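Undergrad: what's the 3D shape of this:
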Amino acid sequence: MSNEPTRIDQWIEHIDQKLSEIDFQPDLSIEHLDSEGQPKSKALGINAIKSKLSDLIGEKIGTETQSQKAGLISALATLNIDKYRSLVKEHQPAEPSFESSDSDELSFEAFVTTEIDKYQSLNIVYNILASRQDNFSEAFFPTMVMHPGIGAIETRVDRQELVEYAEHNQDGSLLELNRRNILDIYEDVDAIEQDSIRLLPHLESEDDPIGEKYFVSADQVPTRKIHYGGGDVDYRPLKPDTSINVISLAQRARSPFDQPFDYTEGLMHIALDTLYIELENASAKRIVPIQVSKLPRAEFNKAHETMGRETMLNFVTDSIYVHADMLDVNSESLGDFAEFADDDILRIEMTVNGRASFEVGDLEINPGRTRVIAAVDAQGNVSSSDTSARVIGFDLKIIRSNVNWRAYGSLVDTTTYREMHAIYPRHPITSFKSTNETANNASKLVSMINAARFRARNSAITALFDYADQLESQKHAIERKQPVNVTGVSRYVVSAFYDRREIDLSDRTTDNQSFGEAVYQKKAWVISTELRDVVSKMLSETGYSSALSFAEVGDKIKPKILIGCHVEDEQYLYIGDDEQLLSTEVDYRIVSTSDKRMKDTIFITFTRDEPSLESGLNFGVHAYIPELIEKVVTTRSNVVSEHHRVTPRYAHIPMLPILARFDLKK
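TA: From the prediction side, this is the model:
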């Protein structure tokens, strides 16, 4: 074996030099880091170590804050081994991690005062490199370095919720406090729309005695049910040319509140919603509802020469059209009008004036002249009409001012949902040490680093397949939009999704396309079509885009799709320089691995390319706890042996229950 220094030897020497430039304070220890490995204080010299390690990592492997954090934790752990030992023992598993000649506890023989200097640089190098995953594993489970003093990590997500106002009963029954994910408003338009400041003049019952005074007769317009104030009320249009107090009539049968309106109520907005026009000619008489709420001049506006809260209406139009496809108030077609037999339409002009007090709610509406001014045929030819028209009733859109804060409106709250995940010790990695071997032997260190990294990669892919199996076991509940109990704290925010498809690529060739680029291009188009379809379903069915927008407080951020495959199958995910694999509405990233378990398999999910325990919008997280290499002396069968040993602690934790899987049939 060559005695020339290796890259690792040179790196260890470089770290020794960097650390020798720091004047360590005597009480500096791992206790001065928080649970996520960040310094608690700037006055303890920790930033000096961070700076030296940052220089080193930048020179050797590029800027990686998580690797820097792993190195920092290792450095502080070896500065005060007693503090480190006590922290690890607090989270020691019930079963011993490995055998020891004298004790069932973790072995710390290496960490005597005379050995610390030999192992400090070695442990820094080990944890900087062992904390780094390959691209595939890091894409699905971004690394987050944690403090050695924790035995589990908490993943959490804040769910913004709509809460229905509720009061406690007096009979001891449980309070029903209905909480809804605020993201529901993207799918349910009524989720956040409430009528707590809406007023609806209505009848106490269908035969309400005041009905004839203020409302259109049931002989003209049938009574119907309208939802208002938490229940259904009887309703007919209001009469024109009648003085009405709309606040009074808005609590006739029920109010949005338990107590009656008082003098503090006021109005903020009134507008015409629907006009009921009676059409009559020699052969028929019909009443037609016409929506006018979106037309110009349909709102009451402040008057120029009267008290401050008095408003006026001056609705004028000559472009109301009635045709045979419209229905009357009895939901019957208007086809029996003579003009409609020739596919004509009737053009109506009208004027409607009104006065309303926003202070007390008094209102009167007075229709002016209403007439049919023309019949227009399919070719646009205009002729006169014998049909007459008049306004016999109206609906209003009325909004209270709510200056007395009687209505809470939409109650919103934020609830934090949490999941705890243990980070337990894995089986140790041991390197035999010969009698003439130095403590910082680089080849042994390289072997331990590679073993740790390969095991972490295998663990990541195992976690990916296990999670796919977990979601598949819940696929029937997922398809029916039912709650699912799976790992992943984001299930409280987004809808779970799992889609597994078999894609047959075996028959995607023709007689003159048996090999070469054309075959790959054909198969790539097949996979691309399936990808586009499954990604569109993921976007439409999970609410992920909405959750992403909420997490960034309205910023427009493209969802990012993560596609993982085997190295042999990556060729099928490129369809040419001028073609787009997915829609321009999303970004995407492709990663591949040589792990044989991934052969003929493609996984698709969302990613944000950054580790986080809080947003829940990454597929997963790789929680890594730096551990120290130990010198272990064991006795078996009266034989004493000395080894270097490390007991890795890490966990690959899924957080986002959104996953698609393609099984390729070749």
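Undergrad: what's the neighbour count on residue 145?
TA: Residues within reach of residue 145, counting by other CB atoms under 10 Å, total 24. For every residue, glycine as well, the C-beta is placed using N, CA and C.
Undergrad: before we move on, what about residue 215?
TA: Neighbour tally, residue 215, other CB under 10 Å: 25.
Undergrad: over to residue 450?
TA: Other residues near residue 450 come to 13 when the count uses other CB under 10 Å.
Undergrad: mind listing what's buried in the helix or strand where it lies?
TA: Taking DSSP states H and E as the definition, residue 450 sits inside helix 442-473. Neighbour-count burial for helix 442-473 flags 442, 444-446, 448-449, 451-453, 455-457, 459-461, 463-464, 467-468, 470-471 (criterion: 16 or more other CB atoms under 10 Å).
Undergrad: now do that helix, average pLDDT.
TA: Per-residue pLDDT over helix 442-473 has a mean of 91.
Undergrad: chain center to it, what's the gap?
TA: 28 Å (CA atoms, centre = their mean, to the nearest Å).
Undergrad: could you identify the helix or strand that succeeds it?
TA: Past helix 442-473, the next helix or strand by DSSP H and E is helix 475-479.
Undergrad: and residue 601, how far is that from residue 665?
TA: Using CB to CB, to the nearest Å, one gets 11 Å for the distance from residue 601 to residue 665.
Undergrad: between those two, which is the more surrounded one?
TA: residue 601 (18 against 11).
Undergrad: the more buried one contacts residue 659, correct?
TA: No. Between residue 601 and residue 659 no contact is recorded; they are 11.9 Å apart, counting by CB atoms under 8 Å.
Undergrad: overlap of the contact sets of the two?
TA: Common neighbours of residue 601 and residue 659, counting by CB atoms under 8 Å, 6 or more residues apart in numbering, are absent.
Undergrad: just the helices from the stretch 501-650 of the chain, written as ranges.
TA: 517-542, 544-551 (DSSP state H, counting those that start in this stretch).
Undergrad: centre-most residue in this structure?
TA: For the chain, the residue sitting closest to the mean C-alpha position, by CA atoms, centre = their mean, is residue 547 at 2.3 Å.
Undergrad: so what's that one up against?
TA: Neighbours of residue 547 in contact, by CB under 8 Å, 6+ apart: 183, 490, 493-494, 617.
Undergrad: quick check: of those, which lies closest to residue 653?
TA: residue 490 (11.6 Å; CB to CB).
Undergrad: doesn't the closest one fall inside a strand?
TA: No. Applying DSSP: H, G, I helix; E, B strand; the rest coil, one finds residue 490 to be helix, outside a strand.
Undergrad: name the nearest residue to it, ignoring sequence neighbours.
TA: Sequence neighbours aside, residue 616 is the residue nearest to residue 490 in space, at 3.6 Å (criterion: CB to CB, 6 or more residues apart in numbering).
Undergrad: what about the one you found, neighbour count?
TA: Applying other CB under 10 Å, we find 28 residues neighbouring residue 616.
Undergrad: check residue 243 too.
TA: Residues contacting residue 243 under the criterion other CB under 10 Å number 10.
Undergrad: pLDDT score for it?
TA: Turning to residue 243, the model gives it a pLDDT of 95.
Undergrad: nearest residue to it other than its sequence neighbours?
TA: The shortest distance from residue 243 to any non-neighbouring residue, by CB to CB, 6+ apart, is to residue 364 (4.8 Å).
Undergrad: wait, that neighbour sits on residue 357?
TA: No. Residue 364 is beyond contact range of residue 357, at 10.1 Å (criterion: CB under 8 Å).
Undergrad: neighbour-wise, which of these two wins?
TA: Between residue 364 and residue 357, counted using other CB under 10 Å, the more crowded position is residue 357 (20 against 15).
Undergrad: give me the nearest residue to that one, chain neighbours excluded.
TA: Closest residue in space to residue 357, ignoring its immediate chain neighbours: residue 310 at 5.5 Å, by CB to CB, 6+ apart.
Undergrad: state the distance from the one you found to residue 459.
TA: From residue 310 to residue 459 the distance is 75 Å (CB to CB).
Undergrad: same question, residue 592
TA: 18 Å.
Undergrad: residue 144 now?
TA: In terms of CB to CB, residue 144 sits 15 Å off from residue 459.
Undergrad: ditto for residue 473
TA: 21 Å.
Undergrad: same question, residue 208
TA: 72 Å.
Undergrad: residue 605 too?
TA: For residue 605 relative to residue 459 (CB to CB), the value is 18 Å.
Undergrad: okay, the most far-flung residue of the chain relative to its centre: pLDDT?
TA: Farthest-out residue of the chain from its mean C-alpha position, per CA atoms, centre = their mean: residue 282, at 61.8 Å. With respect to pLDDT, residue 282 scores 80.
Undergrad: skip the chain neighbours and tell me the closest residue to it.
TA: residue 386 (6.8 Å).
Undergrad: now the host helix or strand of residue 70: mean pLDDT?
TA: For residue 70, the element it lies in under DSSP H and E is helix 65-79. Helix 65-79 shows a mean pLDDT of 74.
Undergrad: for it, buried residues please.
TA: By 16+ other CB under 10 Å, the buried positions in helix 65-79 come out as 66-79.
Undergrad: what is the burial count for residue 580?
TA: For residue 580, using other CB under 10 Å, the count is 11.
Undergrad: what of residue 334?
TA: 19.
Undergrad: hang on, isn't it packed against residue 286?
TA: Yes. Taking contacts as CB under 8 Å, residue 334 lies within contact range of residue 286: 6.0 Å.
Undergrad: shared neighbours, those two?
TA: Common neighbours of residue 334 and residue 286 (CB under 8 Å, 6+ apart) are 279, 328.
Undergrad: which residue ranges of the stretch 351-500 of the chain form strands?
TA: For the stretch 351-500 of the chain, the strands defined by DSSP state E, counting those that start in this stretch cover 362-376, 382-383, 388-400, 411-422, 429-432, 497-504.
Undergrad: which one of those strands lies closest to residue 239?
TA: With CB to CB as the criterion, residue 239 lies closest to strand 388-400 of these, at 6.4 Å.
Undergrad: any idea of the angle that closest one forms with strand 362-376?
TA: Relative orientation of strand 388-400 and strand 362-376, computed by axes from the mean of the first three to the mean of the last three CA atoms, to 10 degrees: 140 degrees.
Undergrad: for residue 591, give me its contacts.
TA: With the criterion set at CB under 8 Å, 6+ apart, residue 591 makes contact with 135-136, 139-140, 562-565.
Undergrad: kindly recompute the last result at 10 Å.
TA: 134-140, 562-565, 570, 603, 607 (CB atoms under 10 Å, 6 or more residues apart in numbering).
Undergrad: quickly list what it is bridged to.
TA: When assigned by DSSP bridges, residue 591 has beta-bridge partners residue 564.
Undergrad: ok, it to residue 605 distance?
TA: Distance of residue 591 to residue 605, given as CB to CB: 11 Å.
Undergrad: give me the common contacts of those two.
TA: Residues touching both residue 591 and residue 605 (CB under 10 Å, 6+ apart) are 139-140, 562-564.
Undergrad: of those, just say which sits nearest to residue 423.
TA: Of the shared contacts of residue 591 and residue 605, the one sitting nearest to residue 423 (CB to CB) turns out to be residue 140, at 17.7 Å.
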